[in-house]
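> test case, fold it:
(chains A, B, C, D and E, ligands or ions: 4)
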Amino acid sequence: MAQVSLKGIEKVYGNGFKAVHGVDLDIHDGEFMVFVGPSGCAKSTLLRMVAGLESISGGELRIGGTVVNNLAPKQRGIAMVFQNYALYPHMKVYDNLAFGLKLAGTPKAEVDARVRDAARLLEMDHLLERYPKQLSGGQAQRVAVGRAIVKKPGVFLFDEPLSNLDAKLRANMRVRLTELHRTLREQGRASTAVYVTHDQVEAMTMGERICVLKDGTIQQVDVPTALYSRPANAFVAGFIGSPEMNIREARVVGGDAGAVVDVGGVALKLPARHAERLGVWRDRMLRFGIRPEHIVADLNAPGVAGTPDLVEVEGVLRFVEHMGSEVYVHFDLGGVPFTSRVGAELLGGVDAKPRGALHRFGFLMGQSHAFEPEGSGRNLLL
Amino acid sequence: MAQVSLKGIEKVYGNGFKAVHGVDLDIHDGEFMVFVGPSGCAKSTLLRMVAGLESISGGELRIGGTVVNNLAPKQRGIAMVFQNYALYPHMKVYDNLAFGLKLAGTPKAEVDARVRDAARLLEMDHLLERYPKQLSGGQAQRVAVGRAIVKKPGVFLFDEPLSNLDAKLRANMRVRLTELHRTLREQGRASTAVYVTHDQVEAMTMGERICVLKDGTIQQVDVPTALYSRPANAFVAGFIGSPEMNIREARVVGGDAGAVVDVGGVALKLPARHAERLGVWRDRMLRFGIRPEHIVADLNAPGVAGTPDLVEVEGVLRFVEHMGSEVYVHFDLGGVPFTSRVGAELLGGVDAKPRGALHRFGFLMGQSHAFEPEGSGRNLLL
Amino acid sequence: MYENKRLGFLFVLPFVLGVLMFKLFPFVMSFALSFTEYDVMNPPVWIGTENYEQMLTKDPLFGKSLGVTLFFVAMAVPLRVGFALFIAHVLNFKLRGINFFRSAFYLPSILGGSIAAAVLWRFLFAQHGLVNIVLGKLGLEPIAWLADEHYSIWTVILLFTWQFGSAMVIFLAALQNVPISLYEAAEIDGASKTQQFFRITVPLITPVIFFNLIMQMVHAFQEFNGPYMITEGGPLHSTYLLSLYIYDQSFKLFNLGYGAALSWVLFAIVGSLSALSFFTSKYWVFYAGEKDHK
Amino acid sequence: QEATLRFSWWGGGERHETTLKAIAAFEARNPGVKIKGEYMGFGGYQERLTTQIAGGQEPDIMQINWAWLATYSKNGEGFYDLNQSKPHLALKEFSAEELRMGTVAGRLNGLPTSYTARLFVWNKAAFERAGMKLPATWDELFAAGKAFQAKNGDKAYVIDGELYDMILLSQTYIYQKHGTPYVDPTAPKVAMSPQAVLEWVQTYKKLVDGRTATPLPYRASLGGAEKPTEQQPDWVTGTWAGNYTWDSVLRLRASTLNKDQKLDIGDFLTVPGAKNSGMFGRPSLLFVVSKRSKHPEVAAKFINFMLTDPEAARILGLTRGVPAADSQYKVLVDEKRIDPLEQKAFAQIKAAKDAGKITLPSPLFESPRMQKFMREVFEQLAYGKITEQQAATRLLDEGNALLARLK
Amino acid sequence: MNSAALNPAAASDRVASDREARLTLRRERLAALTRYVVLCAVGVVMLYPMIWLIGASFKTNAEIFTEIGFIPSQLDFTAYLKGWKTSTEYTFATYFLNSFLITIPRIIVTVISCVLVAYAFARFEFWGKKFLFSVMVATMMLPLIILRLPQYLMFKEFGWLDTYLPMIVPSAFATDTFFVFMLVQFLRGIPRDMEEAAQIDGCNALQLLWHIIVPLLKPAIISVIVFQFIWTMNDFMGPLIYLSTVEKYPVSLALKMSIGATEEVEWASVLAISVVALLPSVAVFFAAQRHFIEGASSSGIKG
Ligand SMILES: Nc1ncnc2c1ncn2[C@@H]1O[C@H](COP(=O)(O)OP(=O)(O)OP(=O)(O)O)[C@@H](O)[C@H]1O
Ligand SMILES: Nc1ncnc2c1ncn2[C@@H]1O[C@H](COP(=O)(O)OP(=O)(O)OP(=O)(O)O)[C@@H](O)[C@H]1O
Ligand SMILES: [Mg+2]
Ligand SMILES: [Mg+2]
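Ligands and ions are numbered 1, 2, ... in the order given. All right, here's what the predicted structure looks like:
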């Protein structure tokens, strides 16, 4: 029973800086919750408050139903991976891992077994006899992760635990951590996990729910796919997805069936469902959003032509980024910049054209979004 | 004049661990070189040797033509971003940035201008009066980057400088750093950059050349696209690209035009060009490789049917990962696991089928690879 | 956990008890004695503030002694602390035989107030001693170090400086807490070894520099062995530090009341100087382990 | 009779060994009595004793310097009155003078182990090297300096001594000439006439300016003004040829001399027609008993044993000077335990004493404050900070004031 | 080299920069050399008394006070033998043992109490902390000699005279505030990251102290041990006042045992035994000095 619930949590730092502004969040028992948000949005602060390392300036924090505002970290049944690792410099890797277990009075044999298990899981069996200063950055980070997972606590707190690993190892670890979490749950020893990451793939694949933060407030909490396809506001829309969604100032023109958004003088016809919802916004400015993968570059590619709500427009090519299997095409539409993301084999010849040349793109308007022009930019289509 | 050239560089650590085994590498003046490789492969070690922080156990290191093996760091004309930041805890952010300039006797006004420029570039103007311990992880990392870029040195050494930033900021920084590098070059003050990263996107977009390392040896040095499409060996092939290339044990069967690779009992017909090259490997085991994006899941998608060298096979579905705009489909082929990466709208119905169900996939064999079975697995098709 | 007030108090409890059991009575009694006339043989006689009045108005030797003491402290403390810091810095390098040097440099402090130290000092500063020989080589006039009231204090100051060992050891220990990565960063930033020392090392060990300054000040104000061994306070009271005066009054002249009063005046001086230092420390001492600046 | 008594003394190796043996002998003679020796070097002895007395924890029997009597027992009540244990004490062994010296306000506080006085100690060898004979008159002494230096170089001095030695030396001259010491032995006042005081000061100056005595600043510059004579290299090598000092430190002074040197006791210089020898003599050490002792009788018995018993004398030898008690002195003389030089010194003192030409100095003269005061004035004089006249005035006026306060 | 030969400018550039590299090497060697020279020069001044002491222990009295050089005319260990035997009922073996009986328990209680109290001052928040801290610093400011008598009276009341308790027990209550203050300052300079991690790992305050703080403070704690050892060994006044039985004397007291005021002194024996008395302190320091420079926290994670 380790649900974590935050009620009106606030944090003011010693220098008067208010880092957290009344956060309300319920993390269910055994849930894998991911925190994402821009650098400095208070992810670590929240985690540290849950851990009990940072005093809580306001609000109520419960773990497993008990108010823990004033409980010491060790009484909260948590394990944590620190963003800066905080390994014990005077202990070998083995002892770094075993330390918590030894403190808990775990029998020696079991400590050994668990430490070696964790080391194997994290591919660092060969490092057990090293001191932290003899490790590379990624190795140290794995030790930090290992220190948390040997403990099998009620609540896992991960603060960017894989940031210093290479893609392959990272993908590996991602899967293993997820599996670990599932296994524990299946064994009936569900651990709640709070996982801070800035990696979209991690967030999308690991998180059962994702909490998007900005400047110490929650923007949206939802399952990954929902977050992606139904962002609550322009901030979330722009933050999730890479390359980020094209969100541009636009104006809704015309009524009902004939409604279009005007972006930089170019009219993009709205699908009927959208037009209806945006009726009240006619002739007003709003923010129009469309993800790069919903702009196709090769109109002649098979299957494109027939897509419903496809709007063809002519853009001015700026430059093309090759990313291996896919390509980002940057272009201007009526002076407004857009990015399209297409498969490397679906370029429709853009890469052959010079900068400034014209090219016809297709906007899949069925997947487009519209946000309030001001503030956080509420999603107008929800 | 700041080319960096490594000749037979070796590094043996105090505990006898040999971290670098004879590395030869020429980094041209003004080039942007990216180091990638698994955690612990000695990227940082190499960087630190170039910087002069780690003694060189063997070989010769030249910067701008001079042997610098025994030169102090400050004589090498470098700036470095440390993996662990190494900010001066007793100085405010401003002073952390200004320190190097002040030491160099830069006039006060210019110091101020450059510090503020860098702060603006890194979106941390508001942090200048803070102490390092009042920063979040990402903020601290940006300070570390700032400290390097204010100096405009001959050689930039970046050790995973963006690992703690969120995707959006990271993309931003990526562009800005690249631009900074270009601008300096255009101004005739070219800085050579050595950039360690584990982020594929960074590596692919920023690197003019990429150096892939493994266990302290160079695997391949080449421009990004070449690395992606013509990996020198199985290790590079597997390391670059995410999700990683499917590389499986296989056997070449049949001659010339009719040659196939047999993977888990399933025959995949080889294109003529490949069959020819692999002639000598007939009836021998090798490693067959194909990237996930070269396995299509929707054979009925327009345009697929006609693709040359498309081989259709039936796989057993294992599970499907949704990543927003795209989806990873994991399946078995004759008991051998494969991953396919497809657009979210090109699933061909896999997501509707249960685990264990059969599904027909298309292998774009024209894009497939073959590697030696042993050792590092030389690419047999080059 | 660190907010747990009861736990914190529990941990300082030994100290609180220690003060109550072992310090309170001696302090109170010595304070009380400072208002009495007490010659050990006869019970103390209450005379109010007479001792203090005497000291401040009728005792030129007190003024002389205080002056000498202040000069001594002002010179000796920076010298000892500075020297200790410098040598600790040098001894922190990895050099062959450095262990030997570290021990060698601590030796004078082990010798403490032994005769060997006195013999050495007299040898160095005697009329025909080493220092004068060196001066002679430099073409300077020899100085009657031990006999000239203008120079004699320097022999004591230099002896105090010479026994910099414990301050050095503390600095050595403190130097270990400076993360190597900061030196690396500074090196990359183009800092010379000297600049690293002043811009990285010194700021980061300010807590310990502060400690050494305070403690050496406290010790210097109570310095006894040096002048007692070398000059016995002379010539012409030019090395007559307050501690010697207090000692003479208390145990030679059996004026314990007056000695106590002198001690409390010394206490007040050291106390206010320390308070001042603590106050200013906010501006220059950097505590890495403190939760917040300000 | 069962009793355990504590006995404290300071001293060097020989004194410790012999005293412990003497204690054993006493214990053998007095079954049931245990004497616990609490002994140490001189450094810190007085601090400890003072603290112990203040805490009422002092040993039953203590060795003290005669001069301390004035401090510890101003009115004679500081220590046990040995008169109460007369039956256990062979007081007849001591001269009346010696008993008087241990008596304060009619109470017999302590018994002396020996009597000591200041004498002229010369390095005969050094004089021989200079081709000079030992000074026999004051004028010879005053003149010797220049002659000596002419022969032996300008680092050579006829007589060495720290400041207090010189003060006493000069005082002896004045005492002989004017018939009074500085402090009146009977009353707390300055006894010298203003003229005498001035001459005292001048005598000191004469000794120094005449290159006879080592000047204070020079001595200081060599390694501390109060460094003992025997530790001065110039003494060790015979560059300095004399010392005006206690007979009890003869061995100490001789102990560092190199083999080319030879000490002798000179004539005690005397102004012709002087009524008083001017010799500065007094008991050296006293044994006293704590007024809190539970066994004062046993303590008295022990003191008696130590000071008067022939066996004790044999054991103790000269470790506390030439014994004051006649019987003990005899034993040592008979057994030839006293070497000729010491014998000579003793004879010189005894002669003066027996002739009634040594007057017991005022205890106040040796009181720490008085000493401090005199030293201060003479130091200023030596450093030329004040004139002879100023020094004389201070010695007179401030001296009187101080003495009045001390009494 | 070839391409450089084709390009004279580059070649001369390279020659110049190679020269710079060589210069740097030479400069480094020079720096090392000067470092040694400075060390040796200062070292002589530092070591001189010790060497003199050893040399003098073989000399005659006359030699000791005239020859400032340290080479004795003969090598004769009788002074050591004599000094060791002493003129008392006991040999120095007894006095050394006594010294250790005082020193070792005192070190143990000092370290425990001081670390505990320093930990509280440096890390915890509690009522009256500032006040207590000031009290702590203030207790060091009154000259010790003036406290001597009151302390004596106090220990007399406790019935502790002529025992080692006055020298040991107060230390058990963190009254050696020098050490407390020192440890506090050290601790305040050490970041809290490791402690936070350990709290998460389930440490209570004492475990934190033992497993994290103590290792991190190791250099400072070692210096506490060394100081307390040397200072207690050298302490003369404490034993002088509180001990009266010769059998209980520590070395510091026994050393001055044979220096009376008026008797001749065999300086060679005195010095010989001073040399011997210094040995434990020197040995302890030498054994410990390695640890001053092997702090746990110096091993930060590098990037
Ligand atoms: N000790 C402190 N004093 C004052 N402000 C602080 C302190 N620690 C953090 N902050 C500020 O609080 C905000 C939140 O910090 P936090 O470390 O929680 O960010 P974060 O979301 O973890 O960022 P990142 O992704 O960069 O690690 C930041 O703006 C940071 O500058
Ligand atoms: N001081 C040291 N002593 C011994 N081995 C070390 C030391 N420092 C690093 N190593 C080892 O050397 C290898 C290379 O380390 P390095 O830090 O260069 O790796 P890296 O490529 O930067 O890895 P990462 O991506 O994890 O930062 C690693 O296996 C590491 O464990
Ligand atoms: Mg963070
Ligand atoms: Mg690294």
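> could you report the neighbour count for D:L316?
Neighbourhood size, D:L316 [other Cβ atoms under 10 Å in any protein chain shown]: 24. In this view, the C-beta of every residue, glycine as well, is placed from N, C-alpha and C.
> quick one: it and D:L307, what's the gap?
Plainly put, D:L316 is 9 Å away from D:L307 if you go by Cβ to Cβ, to the nearest Å.
> now for the residue of the stretch 251-382 of chain A at minimum distance from ligand 1: which residues touch it?
With Cβ to the nearest ligand atom as the measure, A:S376 is the residue of the stretch 251-382 of chain A nearest to ligand 1, at 17.6 Å. With contact taken as Cβ atoms under 8 Å, 6 or more residues apart in numbering or on different chains, A:S376 is in contact with A:214, A:219, A:233-235.
> the stretch 51-200 of chain D: strands as residue ranges?
Using DSSP state E, counting those that start in this stretch, the strands assigned to the stretch 51-200 of chain D run over residues D:61-65, D:103-104, D:107-108, D:110-112, D:115-123.
> D:H16 and D:E38 touch, don't they?
No: applying Cβ atoms under 8 Å as the test, D:H16 and D:E38 come out as separate, 11.2 Å apart.
> of these two, who's got more company?
Taking D:H16 and D:E38 together and counting by other Cβ under 10 Å, D:H16 has the greater number of neighbours (26 against 21).
> now do the contacts for the more buried one.
D:37, D:39, E:87-88, E:257-258.
> so it, which of the three states?
When the structure is split into helix, strand and coil by DSSP: H, G, I helix; E, B strand; the rest coil, D:H16 lands in helix.
> skipping adjacent residues, who's closest to it in space?
Leaving out its chain neighbours, the residue that sits closest to D:H16 by Cβ to Cβ, 6 or more residues apart in numbering or on different chains is E:S87, at 4.5 Å.
> burial of C:K58, as a residue count?
For C:K58, the neighbour count with other Cβ under 10 Å is 8.
> now do the contacts for it.
When contacts are counted by Cβ under 8 Å, 6+ apart, C:K58 is found next to no other residue.
> how close does it get to C:E50?
With distances taken as Cβ to Cβ, C:K58 is found 10 Å from C:E50.
> C:I110 against E:L278, yeah?
Yes: counting by Cβ under 8 Å, a contact exists between C:I110 and E:L278, whose distance comes to 6.1 Å.
> list the contacts of the longest helix along chain D.
Among all segments of chain D classified by DSSP state H, the helix with the greatest residue count is helix D:388-406. Contact with helix D:388-406 is made by D:182-183, D:188-190, D:192, D:194, D:197-198, D:200-202, D:205, D:364, D:367, D:369-370, D:373-374, D:377-378, D:380-381, D:386, as judged by Cβ under 8 Å, 6+ apart.
> rewinding a little: state the pLDDT value of the residue nearest to D:H16.
Reading off the confidence values, E:S87 has pLDDT 78.
> so E:Q199 makes contact with A:P73?
Yes: contact criterion Cβ under 8 Å: E:Q199 and A:P73 qualify, at 4.2 Å.
> the stretch 151-300 of chain A: helices as residue ranges?
Under the criterion DSSP state H, counting those that start in this stretch, the stretch 151-300 of chain A contains helices at A:167-186, A:200-206, A:224-229, A:234-239, A:272-277.
> distance from the chain centre to the fourth one, please.
Helix A:234-239 has its average C-alpha position 11 Å from the chain's average C-alpha position, going by Cα atoms, centre = their mean, to the nearest Å.
> I'd like the average pLDDT over it.
Confidence over helix A:234-239, taken as the mean pLDDT, stands at 91.
> same thing with the longest one?
Mean pLDDT, helix A:167-186: 87.
> for it, buried residues please.
The neighbour-count check on helix A:167-186 (16 or more other Cβ atoms under 10 Å in any protein chain shown) flags A:167-174, A:177-178, A:180-181, A:184-185 as buried.
> tell me the secondary structure for the residue nearest to D:H16?
For E:S87, the secondary-structure state derived from three-state DSSP is coil.
> quick one: it from ligand 4, how far?
Applying Cβ to the ion, to the nearest Å, the value for E:S87 to ligand 4 is 69 Å.
> contacting residues for that residue?
Contacts were defined as Cβ under 8 Å, 6+ apart; by that measure E:S87 touches D:12-14, D:16-17, E:257-258.
> let me know how buried E:A283 is, in neighbour terms.
12.
> where's it, which helix or strand?
Of the helices and strands defined by DSSP states H and E, E:A283 is found in helix E:267-292.
> that helix near chain A anywhere?
No: using Cβ under 8 Å from any Cβ of the partner chain as the criterion, no contacts between helix E:267-292 and chain A are found, and the smallest distance is 12.4 Å.
> near chain B, which residues of the stretch 51-200 of chain C are found?
C:179, C:181-182, C:184-192, C:195, C:199-200.
> identify each buried residue in stretch D:84-93, please.
Judged by neighbour count using 16+ other Cβ under 10 Å, the buried positions of stretch D:84-93 are D:85, D:88-91, D:93.
> relative to ligand 1, which of the contacts of D:H16 is nearest.
When those are compared for distance to ligand 1, the smallest value, 60.6 Å, is given by E:M257; criterion: Cβ to the nearest ligand atom.
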